[in-house]
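**Q** Fold the following and give me the result.
(one chain, ligands or ions: 2)
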Amino acid sequence: MKRDSGITGNYHTHTRYSDGKEEPQAFVEQAIRLGFTHLGFTDHAPVTFANKWSMCWGDLMGYQQKIHLLQREYADRITILCSLEIDYIPGVSVPFSHFQRVLSLDYTIGGVHLVRHPESGQLWFIDGGSEEEYAAGLEEIFHHNTDLAVRCFYQQQIEMLQQERPDVLAHFDKLKMHNKGRYFNDDSPLVHTLQKQLLQVAKKQGTIVEINTRGIYKGRCKELYPSERLIRCCVEEKIPLMLSSDAHLPEELNGHFDETLYIMKQIGVKEVVGFSDGKFVLTPLSMGAGRLAG
Ligand SMILES: [Zn+2]
Ligand SMILES: [Zn+2]
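**A** Ligands and ions are numbered 1, 2, ... in the order given. A predicted model of the protein is given here:
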């Protein structure tokens with residue numbers, strides 16, 4: 001990634017500590033090759049039930065120690081940040097403050113990957129590897145009541161921003177990934193209203209909204225998370241935006257960044273969030289001095 005783009009890092013990265021594929025060091029080496037000045041590690045925080053994608057509770061301190069070791073080893077070449085992508089599931093997930101306190105995180109990313117049915121409490125996994133699993137969950141848990149499922153997905157994110165106050169909101173319209181226009185209309189008045197409500201809360205809470213490129217470079221979705229229409233809403237509402245690749249492999253660290261930057265500039269995005277002097281700041285897309293985010 002060229003430095004003159006204004007993008008000097010990636011703040012959403014998964015390693016072998018959760019569902020990523022390589023040791024943290026391999027990502028650091030690649031980030032340096034790309035000319036990044038910052039790299040944020042955000043493995044999936046442990047959850048209270050068995051699964052294949054989150055970190056084990058027993059690995060938490062080892063994760064922190066590994067990142068602190070790399071911070072010291074590479075201090076003169078790159079700034080490395082310790083974070084987690086934390087799931088919010090009402091009544092199930094551990095408070096974000098627990099992880100912040102135990103690991104002294106530099107920042108937090110909040111995400112909803114499991115949608116809780118308000119009555120049965122069953123969890124619909126919307127981010128699994130297969131469309132079949134998504135369809136089965138919608139049928140067995142929400143009994144094809146797609147309006148309720150969509151409402152719960154957005155309401156859960158609103159609650160997350162209000163109660164857990166993550167610094168960054170991850171891929172907030174990812175429900176569309178396996179939907180592919182089949183079960184609900186992603187352009188319906190209901191969806192637009194819920195998205196608008198979520199963005200109003202993000203604005204009020206000073207949450208950074210992520211533009212996540214993973215769906216495109218993995219060939220799982222034709223659009224960014226969130227879609228261009230929603231990026232335009234963020235610009236109009238002056239909500240700070242961050243460009244993230246959600247990398248699970250070192251070679252994905254700048255996945256689809258050049259193309260996305262072009263789209264962002266077309267939409268009218270003038271600044272993106274990056275880390276500087278211990279905090280997130282807004283930096284012009286064409287190089288220049290940063291200013292405080294939010
Ligand atoms: Zn995620
Ligand atoms: Zn992620």
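**Q** Report the beta-bridge partners for the residue in the chain that ligand 1 sits nearest to.
**A** In the chain, no residue comes nearer to ligand 1 than residue 111, which is 4.2 Å away by Cβ to the ion. Every residue, glycine included, has its C-beta placed from N, CA and C. Beta-bridge partners recorded for residue 111 (DSSP bridges): residue 87.
**Q** ok, it - how many residues close by?
**A** Using other Cβ atoms under 10 Å, residue 111 has 26 neighbouring residues.
**Q** What of residue 235?
**A** Residue 235: 16 neighbours (other Cβ under 10 Å).
**Q** and what of residue 19?
**A** Applying other Cβ under 10 Å, we find 15 residues neighbouring residue 19.
**Q** That one contacts residue 53, correct?
**A** Yes - with contacts counted by Cβ atoms under 8 Å, residue 19 reaches residue 53, the gap being 4.1 Å.
**Q** Now for those two: what residues contact both?
**A** Common neighbours of residue 19 and residue 53 are listed as residue 44 (criterion: Cβ atoms under 8 Å, 6 or more residues apart in numbering).
**Q** in the chain, which residue is closest to the centre?
**A** Central residue of the chain (Cα atoms, centre = their mean): residue 170, 2.7 Å from the mean position.
**Q** Would you mind measuring from it to residue 77?
**A** Using Cβ to Cβ, to the nearest Å, we find residue 170 at a distance of 27 Å from residue 77.
**Q** So which residues on the stretch 151-294 of the chain come close to ligand 2?
**A** residue 246 (Cβ under 5 Å from the ion).
**Q** Let me see the ranges of the helices in the stretch 151-294 of the chain.
**A** Along the stretch 151-294 of the chain, the segments classed as helices by DSSP state H, counting those that start in this stretch run 176-179, 189-205, 214-217, 228-236, 257-267.
**Q** Looking at the ones you listed, which one is packed in the most?
**A** helix 176-179 (a mean of 22; mean count of other Cβ atoms under 10 Å).
**Q** residues in contact with it?
**A** Residues contacting helix 176-179 (Cβ under 8 Å, 6+ apart): 126-128, 130-131, 134-135, 186, 215, 220-221, 223, 225, 227.
**Q** where's the dip in pLDDT among the residues you listed?
**A** pLDDT across those is lowest for residue 128, at 85.
**Q** my guess is residue 264 meets residue 234, correct?
**A** No - with contacts counted by Cβ under 8 Å, residue 264 stays clear of residue 234, the gap being 10.2 Å.
**Q** All set now, cheers.
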